[in-house]
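In: could you work out the structure for the sequence below:
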Amino acid sequence: MLLAPSQVRESRAYRRRTIWLACAMSLASSGCDACGRSGGVLARLLERNGSNVQRDFSEHREAWAAAEVGSEFSLGDGLRTDTSSTAMLSLRDGSKLQVRKNTTIRFLVEGADDREQAIDVLTGEAVLTASNAPLWLHTHVGLALISQGSRVVLTREGSALALTVEVGDAHFRDKSGRDIQLTIGERVLLDVGMAILRQPDAAGAGAAPPPGNAVVANVLHAGVRARERGAEWHELSRGEHPVAPGTGLRLPPGTEVVLVRGEDRARLSGSGEYVVGSGDSLLEAVRGDVKLSASAKDVEVRVPGGRIVARAKDGGTEAALKIGDGEGALDVSRGATGWAGVGGDRELNAGDSHHWSLPIAPPPERASDDDAPSYTNLEVRAGESFVLHAPQVPVAVGFDFSRACSGTGEIELAQPKRRASGEGHANLLLPAGPRSYTVRCLDPKGRGGRIVARGTVHVLADPGTRQLPLRAPSSAVDADGRSYSIYYENQLPEVRVRWPNAPAADAYKLNLDGTAMSVSSPEHVFESGSLRDGTHHLTFEAASRKSRTTTIDVRFDNTATTASLSSPSDRGFAAGDSVSIEGVALPAWNVSVRDGTIEKTGADRFQGRVVTSAEHPDVAVRLVHRRLGTHYYLRRASGSR
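Out: Below is the predicted model of the structure:
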């Protein structure tokens with residue numbers, strides 16, 4: 001899967017809704033012959049320009065005939081234009097789809113429900129304009145939410161589908177929990193089994209500020225960590241990163257981050273903890289130091305016990321904020337700042353200060369173990385971090401902490417907060433998504449002590465039958481000063497770099513991480529494996545000119561598919577059966593199964609057998625890579641919960 005937003009700046013905080021990008025579907029060519037016409041009318045032909053606009057039907061694909069104005073299209077039907085024809089379709093929600101020249105589309109996406117527009121562009125290009133309501137677009141590679149009144153261009157590029165925002169914005173969430181928001185001029189390229197490429201705009205000299213309410217975090221020092229909603233904490237490299245509303249930021253001592261929204265700035269200093277805001281609020285300061293600069297619009301910052309608004313009028317405002325141990329302090333050096341909260345509302349001008357006592361935080365919410373399941377679909381050792389692929393979620397997971405606790409232990413899940421306790425073992429019901437857990441040993445009075453084990457678990461609603469990627473992902477990078485993050489699934493990516501608008505020269509020097517090489521053109525291909533995991537810096541030089549330094553961050557997508565199971569099928573066996581296991585695994589992954597045997601039958605294939613029981617009715621195939629982690633592929637027995 002390749003996600004490539006060009007000139008990505010974090011779009012306006014998306015209004016109200018979050019979606020999942022579910023990238024595990026078959027290519028459009030796999031068909032949907034059984035779909036028939038049960039889906040109802042999805043679109044009507046409003047107008048045609050040219051004499052060769054044609055359509056076919058799901059029951060008789062490729063039997064093309066002239067499409068007349070007023071023709072209706074259902075799931076599985078197609079439409080195509082030639083070099084001199086275009087067409088305009090009205091979708092069932094009032095949105096419009098313009099089919100450009102030399103384009104073939106099909107309303108062919110399995111799994112789309114009544115609220116979604118199921119469209120695949122097989123060749124060419126189509127323009128989708130949302131009506132006065134948000135539009136859910138279901139393509140063969142995922143689900144996107146197009147804001148009301150927005151216009152996007154869908155373009156087929158080989159096996160990939162490109163989406164470019166011309167007006168408004170669009171929103172994605174990929175299968176690993178990363179939020180991707182696109183605004184005008186930004187682009188996402190989706191493909192099954194390929195990498196994720198993100199191109200946040202750089203902050204170099206002369207770089208334009210991010211538009212509207214988009215927020216960019218300029219990380220000035222190493223060690224800064226971020227966490228999007230529902231995801232795990234991860235370290236941010238130096239440079240600029242688009243940040244979504246609700247993203248948490250943790251700054252260790254001696255580090256700084258500058259949040260940029262239009263012409264307004266907030267400089268965050270460690271040790272501190274902050275949350276990126278939405279709407280009028282730029283951020284929430286939990287603790288730490290903040291220097292505010294408001295010039296284009298008022299800047300609102302939420303703090304424990306109140307709300308601060310730095311005024312943009314009359315030349316703007318500069319103010320310093322400190323959230324310390326038990327007290328907050330606000331000092332205004334220029335302009336005017338409003339305070340609302342502890343001690344009443346007041347207006348502060350240049351030279352004024354305000355101090356307030358922070359509210360005493362309530363004790364942490366005690367998670368409930370009332371819903372702890374009495375059964376398990378999978379059992380793991382407490383402290384293990386893993387990715388779980390299951391055809392159905394939630395999944396009941398049993399955690400064994402008998403080695404860590406001699407008596408009763410308690411396991412607690414974050415987001416949502418749940419806990420369960422038991423003698424050496426406890427069960428939790430895990431929903432889809434990434435989350436962390438901790439284990440404590442309890443004393444005889446049921447009180448918890450220090451944490452004795454911790455881990456993370458990422459549950460994916462994945463049947464585990466997806467074809468494994470057969471080739472290395474290919475990503476394109478311009479030496480334009482931006483920071484690129486390339487996520488790969490199996491093989492390290494092939495990276496094509498070029499210097500846009502390079503001067504004419506007989507030879508060029510390409511500098512990678514301080515090592516120079518001579519190349520004959522302002523383009524170069526780093527074959528798969530040439531750029532290892534980690535951060536790389538490159539520039540081109542020629543004719544006394546030098547490109548801007550570009551950063552490439554190569555990362556493994558730890559939620560990527562590592563195996564494909566052909567046997568057993570989910571619910572295809574009963575408790576007590578001897579179950580045959582067959583599948584394909586990526587190289588360097590060790591395969592095993594509890595209470596059974598697995599053997600390799602080729603370079604990538606494996607087979608085995610396991611005897612199930614009433615106590616352990618389900619089958620979980622375990623894959624371990626010494627560097628990339630642990631994955632489980634679950635198959636439930638018939639009648640299993």
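In: in the stretch 401-550 of the chain, which ranges drop under the pLDDT threshold?
Out: 415-416, 470, 490 (pLDDT under 70).
In: what segments of it are strands?
Out: 408-413, 418-423, 425-430, 433-442, 448-461, 474-478, 483-488, 494-498, 508-512, 515-519, 523-526, 534-542, 545-546, 550-556 (DSSP state E, counting those that start in this stretch).
In: adding distance to R106 and mean neighbour count, write these out as TSV.
Out: The C-beta positions use only the backbone N, C-alpha and C, and glycine is treated the same way. Shown next, in TSV, are those (distance: least, Cβ to Cβ, whole Å; neighbours: other Cβ atoms under 10 Å):
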stretch	distance to R106	mean neighbour count
strand 408-413	42	23
strand 418-423	43	19
strand 425-430	37	21
strand 433-442	32	20
strand 448-461	25	17
strand 474-478	26	20
strand 483-488	29	24
strand 494-498	30	20
strand 508-512	42	18
strand 515-519	42	10
strand 523-526	33	18
strand 534-542	40	18
strand 545-546	47	13
strand 550-556	34	19
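In: H60: which of the ones you listed is closest?
Out: strand 448-461 (34.1 Å; Cβ to Cβ).
In: gap between the closest one and the chain center?
Out: Strand 448-461 sits 21 Å away from the centroid of its parent chain (Cα atoms, centre = their mean, to the nearest Å).
In: strand partners of that strand, parallel vs antiparallel please.
Out: strand 386-390 (parallel), strand 433-442 (antiparallel) (DSSP bridges).
In: now the ones you listed in TSV, with distance to T539?
Out: Listed next are those as TSV, based on distance: least, Cβ to Cβ, whole Å:
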stretch	distance to T539
strand 386-390	37
strand 433-442	36
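In: may I ask which helix or strand of the protein has the lowest mean pLDDT?
Out: In the chain, no helix or strand scores lower on mean pLDDT, DSSP states H and E than strand 196-198, which sits at a mean of 41.
In: ramachandran angles for the residue located most distally from the centre of the chain?
Out: Most distant from the centre of the chain: G351, at 44.2 Å, with distances by Cα atoms, centre = their mean. G351 has phi and psi values of phi 90, psi -10 when expressed as degrees, to the nearest 10.
In: distance of it relative to A329?
Out: Look at G351 and A329: by Cβ to Cβ, to the nearest Å, they are 14 Å apart.
In: S640 too?
Out: Going from S640 to A329 by Cβ to Cβ gives 58 Å.
In: how far does the helix or strand where A285 lies sit from its chain's centre?
Out: Assigned by DSSP states H and E, A285 belongs to strand 281-294. Distance of strand 281-294 from its chain centroid, counting by Cα atoms, centre = their mean, is 26 Å.
In: for that strand, which helices and strands make contact with it?
Out: With contacts taken as 3 or more Cβ pairs under 8 Å, 6 or more residues apart in numbering; DSSP states H and E, strand 281-294 sits against strand 256-261, strand 264-276, strand 299-303, strand 306-310, strand 317-323.
In: surely L122 meets F107?
Out: No. In this structure L122 lies outside contact range of F107 using Cβ atoms under 8 Å: 11.2 Å.
In: common neighbours of the two, please.
Out: Common neighbours of L122 and F107 (criterion: Cβ atoms under 8 Å, 6 or more residues apart in numbering): G78.
In: neighbour-wise, which of these two wins?
Out: Neighbour comparison, L122 and F107: the larger count goes to F107, with 25 against 16 (by other Cβ atoms under 10 Å).
In: any idea of the pLDDT on that one?
Out: With respect to pLDDT, F107 has a value of 85.
In: then the one 5 residues further on?
Out: Confidence per residue is given as pLDDT, and for A112 that number is 50.
In: remind me which residues of the stretch 251-400 of the chain are low pLDDT?
Out: 360-371.
In: try it again at 80.
Out: 262-264, 278-280, 296, 325, 342-343, 359-371 (pLDDT under 80).
In: still on that earlier bit, so how far is S566 from the residue farthest from the centre of the chain?
Out: Applying Cβ to Cβ to G351 and S566 gives a distance of 74 Å.
In: check A340 too.
Out: Taking Cβ to Cβ, one finds A340 at 62 Å from S566.
In: repeat that for L97.
Out: Per Cβ to Cβ, L97 is found 38 Å from S566.
In: could you do R450 as well?
Out: Distance from R450 to S566, by Cβ to Cβ: 45 Å.
In: my guess is V153 is in a strand, correct?
Out: Yes. Under DSSP: H, G, I helix; E, B strand; the rest coil, V153 sits within a strand.
In: re earlier: who touches the residue farthest from the centre of the chain in this structure?
Out: V332, S333.
In: what pLDDT does the closest residue in space to R571 that isn't next to it in sequence get?
Out: Using Cβ to Cβ, 6 or more residues apart in numbering and skipping the chain neighbours, the partner closest in space to R571 is S638 (4.8 Å). pLDDT for S638: 93.
In: isn't S638 up against D570?
Out: No. Counting by Cβ under 8 Å, S638 does not reach D570; the two are 9.3 Å apart.
In: neighbour-wise, which of those two wins?
Out: Ranked by neighbour count (other Cβ under 10 Å), S638 and D570 place D570 first, with 20 against 12.
In: number of residues surrounding the nearest residue to that one once chain neighbours are set aside?
Out: Spatial nearest neighbour of D570, excluding adjacent residues (Cβ to Cβ, 6+ apart): P391 at 4.5 Å. Using other Cβ under 10 Å, P391 is surrounded by 17 other residues.
In: check S406 too.
Out: Residues near S406, counting by other Cβ under 10 Å: 10.
In: would you map out the domains in the chain?
Out: Domain assignment for the chain by automatic domain parsing gives 28-198, 216-357, 378-461, 474-556, 563-635.
In: next, the contact list for A312, please.
Out: By Cβ under 8 Å, 6+ apart, the contact set of A312 is D264, A294, S295, A296, K297, D298, V299.
In: list phi and psi for the closest residue to the fifth one other than its chain neighbours.
Out: It stands for K297. Nearest non-adjacent residue to K297, counting by Cβ to Cβ, 6+ apart: A312, 5.2 Å away. When read as degrees, to the nearest 10, the backbone of A312 gives phi -90, psi -10.
In: between S640 and A329, which is the more surrounded one?
Out: A direct count of neighbours by other Cβ under 10 Å for S640 and A329 places S640 higher, at 17 against 14.
In: name the element that one belongs to?
Out: Judged by DSSP H and E, S640 forms part of no helix or strand.
In: right, and it touches H616 too?
Out: No. With contact defined as Cβ under 8 Å, S640 does not count as touching H616 (10.3 Å).
In: hmm, back to that, state the distance from the residue farthest from the centre of the chain to T317.
Out: With Cβ to Cβ as the criterion, G351 and T317 are 13 Å apart.
In: anything in contact with each of those two?
Out: Common neighbours of G351 and T317 (Cβ under 8 Å, 6+ apart) are V332.
In: ok, how many other residues are close to the closest residue to N102 other than its chain neighbours?
Out: Excluding the flanking residues, the one nearest N102 by Cβ to Cβ, 6+ apart is G124, at 4.9 Å. Using other Cβ under 10 Å, G124 has 17 neighbouring residues.
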